[in-house]
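Engineer: model this:
(one chain, ligands or ions: 1)
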Amino acid sequence: MERRLRSSSSSALRFACVGSGPAGMYITEKLLSLLGKEQKLGRSGSDDATNDNDRDRSKRVHVEVDIFEKEFSPYGLVRFGVAPDHASTKNVTNKFDTILKDSRVRFFGNVKVGETTATKRTMKEDEVGADVLTVSVRELLGVYSGVVLAHGAADNDRKIGLEREDELKGVYGARQFVNWFNGLPSAAPSNDKELHESICERLGYVSSTNTKASDVVVIGVGNVALDCARILLRSTEELAETDIATHALVALKSANVSSVTIIGRRSVAQAKFSPKELREVLALPNIDVEIDDLEVSDEDVEEMNASRPRRRAFEVLEKAKTTKTTKEEGEEEDGKNSKRKVLRILFLKSPTSLIANENNNKSLAFVKVRKNILKGETGNRKAVLSTNEDDEMTLPCDILIRSVGYVGDRIEPSVVQSDMNGTIAHDGQGRAQINETTINDINNANLYVCGWAKRGANGVIATNVQCAEETAFAIREDFYTGKITTKSKSAIDNTLSIALNKNKNKSESSSDLNKWKKNPLIITSERWFKIDEFERSRGRLSPRKKLVSINDLDGIFT
Ligand SMILES: Cc1cc2nc3c(=O)[nH]c(=O)nc-3n(C[C@H](O)[C@H](O)[C@H](O)COP(=O)(O)OP(=O)(O)OC[C@H]3O[C@@H](n4cnc5c(N)ncnc54)[C@H](O)[C@@H]3O)c2cc1C
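Structural biologist: The predicted structure follows:
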């Protein structure tokens, strides 16, 4: 902290970044390298400097970025989305660590941005959030040169639209399931006991008298659907070598999953999964593969010819259908996990109804699916349910995971957001629209957006590089035209001191500007790197053992 305070300058462009996922980390890097005087960020920063013209160089100023993150850990979906068995994908955090260690960057973990009255929060989230500090976008707009929203769009799962989808035990969104196995604090047993116990029970885990194997159905044919299937099909010996949350590993070790069926509403030609991820799941040992409705029409061929990854995915599946033979019951391939599991992939089907257990009307037992017919112009065909009742089948289903997309929550009234997916309205380059009536007391409020909050929940980690760059260019342009100006550090620290102390230390004076820095609930980057070191030291076979609750942090910083 000392080092940080010394390196800051009184006259500087100061930005607040909301969210520390890939978008937040890349925009921080871009702001420092495009506008900042110092070039400390390695290759991409130096490249930018080399390409800059003289006008750009003469305009460089001191730049600082404060990153606000609602979780105690940084990096968003790299930690809580990317599957635990994809360790190499997570290597991008090495680059993010460098950004977080830059003396011009401050990290405020466990600080949620947004006005809670305007945020749709559940009771459960409020309980979990009791220790989360908050500051509003309005408050940030009032003191920073600019505020960049990079808070993603991973707050809710899209629904399928089936009756009782929200209430039957056994129906989960992919986001819920992924959060659970990746150790997101709000989905961990200490915070959401009900979710944990329900997943364990449905996996065939809790009851010693329960000998029934579980059948899982995943709706959706994207990479997230494949991640969920793979985690359920992979041996737990292999999972133990990953950073999967301990509670999930324990549950999966005792689980009794016999089949995973992945269902796509359109044909193989429109499936979103990447050939690489498909190959990975199909190559798992001890699984029998069944693939239905792989035949392709002339329109499918035309569509696949226009997209190499789709063509390749089809070829991978076609090959698997002909070469992966079904083994005799109990026969083993690797001797590790004697129970064989079935992976079924069905195309051109949609779920039409959920059927509860005869003996327990609150638990899912079957899902009915019906054939679809594709209608419309090639390249834009829609799935339409067959009207023939003979085209319907009933699948046993203890767990149904809907993997049909993520959507973001509302952040607060000062921000203009889409009701459809929570994305922030912007000018096409990342200048976010502000609800003027809510900020008429603020002079020169500058709001920007990047990442999933800008584009919606799509694209891989690398997609956010270009997205952040586009927004950073817009910010640089606004600096050149004089719209963005330098701001005072003391005004920022004063605002943060009041905002971040309001939750906890109501009786204490907010006039002590530095009080918030001592608040143990604020996870600074120094504190995060101690947590990081601790997690890594606990992983024996695995890269790390994640801490899954703010209460687990006790004693780490001493
Ligand atoms: C299950 C899953 C698996 C994936 N696997 C891969 C993969 O293997 N490879 C790949 O390249 N891509 C993968 N992706 C895509 C990749 O994760 C995204 O492209 C990327 O994370 C989006 O970056 P983001 O910063 O916009 O959002 P996020 O990563 O969601 O980051 C947003 C951050 O903002 C924080 N935040 C949210 N609201 C607030 C608030 N109000 N105040 C403060 N902080 C807030 C969040 O906690 C989070 O840290 C996967 C996505 C998912 C969902």
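Engineer: Excluding chain neighbours, give the residue nearest to the residue in the stretch 151-300 of the chain that the ligand sits nearest to in space.
Structural biologist: Nearest residue of the stretch 151-300 of the chain to the ligand: residue 152, at 2.6 Å (CB to the nearest ligand atom). Placement of C-beta: from N, CA and C, glycine included. Of all residues not flanking residue 152 in the chain, residue 452 sits nearest, at 4.4 Å (CB to CB, 6 or more residues apart in numbering).
Engineer: Do I have it right that the one you found meets residue 153?
Structural biologist: Yes: between residue 452 and residue 153 there is a contact under CB atoms under 8 Å: 4.1 Å.
Engineer: higher neighbour count, these two?
Structural biologist: More neighbours surround residue 452 than the other of residue 452 and residue 153, with 30 against 23 (other CB atoms under 10 Å).
Engineer: Tell me who's in contact with the more buried one.
Structural biologist: Neighbour list for residue 452: 21, 23, 152-154, 406, 408, 423, 458-459, 464 [criterion: CB atoms under 8 Å, 6 or more residues apart in numbering].
Engineer: Equivalent analysis for residue 194, please.
Structural biologist: No contacts exist for residue 194 under CB under 8 Å, 6+ apart.
Engineer: same deal with residue 421?
Structural biologist: 153, 405, 407-408, 456-457.
Engineer: Just the contacts of residue 452: which are in strands?
Structural biologist: residue 406 (DSSP state E).
Engineer: ok, and the most crowded of the contacts of residue 452?
Structural biologist: Most surrounded of the contacts of residue 452: other CB under 10 Å gives residue 23, at 32 neighbours.
Engineer: OK, now which residue of the stretch 451-558 of the chain is nearest to the ligand?
Structural biologist: Nearest residue of the stretch 451-558 of the chain to the ligand: residue 451, at 2.5 Å (CB to the nearest ligand atom).
Engineer: middle-most residue in the chain, spatially?
Structural biologist: Compute the mean C-alpha point of the chain, and by CA atoms, centre = their mean the closest residue is residue 77, 3.5 Å away.
Engineer: and this protein, what are its domains?
Structural biologist: Listed by automatic domain parsing, the domain ranges of the chain are 2-155+408-518, 157-402.
Engineer: Any chance you could note which residues of the stretch 51-200 of the chain sit beside the ligand?
Structural biologist: 68-71, 76-77, 81-82, 86, 89, 112-114, 150-152, 154, 178 (CB under 6 Å from any ligand atom).
Engineer: filter those residues to the buried ones?
Structural biologist: Neighbour counting by 16 or more other CB atoms under 10 Å classes 68-71, 76-77, 81-82, 112-114, 150-152, 154, 178 among those as buried.
Engineer: neighbours around the nearest residue to residue 256 once chain neighbours are set aside, how many?
Structural biologist: Counting by CB to CB, 6+ apart, residue 256 lies nearest to residue 204, which is 3.3 Å off, once chain neighbours are set aside. For residue 204, the neighbour count with other CB under 10 Å is 21.
Engineer: now swap in the one 10 residues further on and tell me
Structural biologist: Number of residues near residue 214 (other CB under 10 Å) recorded here: 22.
Engineer: ok, now residue 490?
Structural biologist: Residue 490: 11 neighbours (other CB under 10 Å).
Engineer: How about the one 10 residues further on?
Structural biologist: Neighbour count for residue 500, taken as other CB under 10 Å: 24.
Engineer: That one contacts residue 524, doesn't it?
Structural biologist: No: using CB under 8 Å, residue 500 is not in contact with residue 524; the gap is 11.7 Å.
Engineer: any residues in contact with both of these two?
Structural biologist: residue 108.
Engineer: thinking again about what came up before, checking my notes, the residue nearest to residue 256 in a helix, right?
Structural biologist: No: in this structure, residue 204 is coil, not part of a helix, as judged by DSSP: H, G, I helix; E, B strand; the rest coil.
Engineer: thinking again about what came up before, right, and the pair among the contacts of residue 421 with maximum separation?
Structural biologist: 405 and 408 (11.1 Å; CB to CB).
Engineer: Give me the common contacts of these two.
Structural biologist: 421, 457.
Engineer: ok, the residue of the stretch 451-558 of the chain closest to the ligand to residue 197 distance?
Structural biologist: Per CB to CB, to the nearest Å, residue 451 is found 34 Å from residue 197.
Engineer: Between the two, which has more neighbouring residues?
Structural biologist: Taking other CB under 10 Å, residue 451 and residue 197 do not tie; residue 451 has more neighbours (29 against 15).
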